[in-house]
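> take this sequence and fold it.
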Amino acid sequence: SAAEPRWPALSYLARFEWAAAARPRDLRRNALAKRRGLAIAGGVVLPLLIGVFTRQTADGVFAALGALLAGLASFQGVTRTRLSAVAVAGVGTAVSTFAGATVAHAQPWALIPVIAVWGYIAGLTVSLGQRRAAVAALWPAALLIAIGTPQDPAHAAVRAGLVLAGAALQAVVVTLSWAARRGAHERAALATSYRDLAAYANRIALGHAQA
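Alright, predicted model coming up:
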């Protein structure tokens with residue numbers, strides 16, 4: 001039998017079809033959620049504008065941060081699962097904001113184990129599915145942002161409340177979007193499932209996959 005290569009990992013990388021992997025073959029214009037993106041952008045801009053007009057720009061920024069992260073989570077799931085993703089993202093980012101600000105203020109040396117724990121928890125959620133993993137990945141991001149503004153527990157709680165308020169605003173936007181296009185996301189999910197089944201059947205027909 002032929003001798004195995006000394007560095008199998010490097011041999012695999014050399015044979016890997018990089019050009020084919022980088023080609024956006026699955027990009028579809030109808031998959032671009034233009035209306036949802038605009039709605040989420042509005043939910044982010046609104047608290048920021050309120051903060052600017054009330055001369056509380058920093059508070060507006062944190063509320064907009066909560067709205068942004070919750071908006072990113074709203075792309076996961078359909079109908080009720082979307083709303084649950086927004087809720088979990090909002091609570092998680094609020095807790096992360098509080099933890100990052102208070103730990104950075106009280107014991108900066110403790111940030112290393114705290115960041116490690118947050119990253120470990122986010123990594124574990126990969127085993128729970130793509131939707132949960134995408135939501136949990138937002139928590140360390142909120143933690144790292146909050147570290148830049150150390151605060152005592154009282155002020156950190158206010159900031160965390162603003163992040164949660166921004167997420168709640170996005171939850172309202174998500175709920176209102178159901179009335180605008182009722183059932184659209186369910187139909188899109190069903191269409192995606194049929195496209196995946198068709199692609200799988202095509203790979204079987206071409207001998208690229210096993211039934």
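
> any idea which element the residue lying closest to T57 once chain neighbours are set aside lies in?
Using Cβ to Cβ, 6 or more residues apart in numbering and skipping residues adjacent in sequence, the residue nearest T57 is G51, 5.0 Å away. No exception for glycine: its C-beta is placed from N, CA and C like everyone else's. G51 is part of helix 34-53 when elements are defined by DSSP states H and E.

> so for that helix, what gets flagged as buried?
R36, A39, I40, G43, V44, L46, P47, L48, G51 (16 or more other Cβ atoms under 10 Å).

> could you do stretch 81-91 as well?
Those would be R82, L83, S84, A85, V86, A87, V88, A89, G90, V91, for stretch 81-91 by 16+ other Cβ under 10 Å.

> show the contacting residues for the second one.
The reference is to L83. A171, V174, T175 (Cβ atoms under 8 Å, 6 or more residues apart in numbering).

> now do the helices in this structure.
Listed in chain order, the helices of the chain (DSSP state H) span 8-15, 18-22, 34-53, 57-73, 80-106, 111-124, 130-136, 138-147, 153-180, 184-205.

> could you say which of the ones you listed is packed most deeply?
helix 57-73 (a mean of 24; mean count of other Cβ atoms under 10 Å).

> mind giving me TSV with the contacts of L83 and columns for pLDDT and distance to L69?
Shown next, in TSV, are the contacts of L83 (pLDDT from 0 to 100; distance: Cβ to Cβ, whole Å):
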residue	pLDDT	distance to L69
A171	85	12
V174	78	13
T175	78	18
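
> let me have those residues in JSON lines, extended by distance to D152.
What follows is these, written out as JSON lines (distance: Cβ to Cβ, whole Å):
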{"residue": "A171", "distance to D152": "29"}
{"residue": "V174", "distance to D152": "33"}
{"residue": "T175", "distance to D152": "35"}
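
> start and end of stretch 104-115, how far apart?
Terminal residues of stretch 104-115 lie 11 Å apart, using Cα to Cα, to the nearest Å.

> next one: it to chain centre, how far?
24 Å (Cα atoms, centre = their mean, to the nearest Å).

> report the rounded mean pLDDT for that stretch.
Across stretch 104-115, pLDDT averages out at 91.

> run through who's touching that stretch.
Residues contacting stretch 104-115 (Cβ under 8 Å, 6+ apart): 99-100, 103, 140, 143-144, 146-152, 156.

> let me have those in CSV, extended by distance to L111.
Shown next, in CSV, are the contacts of stretch 104-115 (distance: Cβ to Cβ, whole Å):
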residue, distance to L111
A99, 10
G100, 8
V103, 6
P140, 12
L143, 9
L144, 9
A146, 11
I147, 6
G148, 11
T149, 13
P150, 10
Q151, 14
D152, 16
A156, 14
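
> taking those together, which two end up most distant?
P140 and D152 (22.5 Å; Cβ to Cβ).
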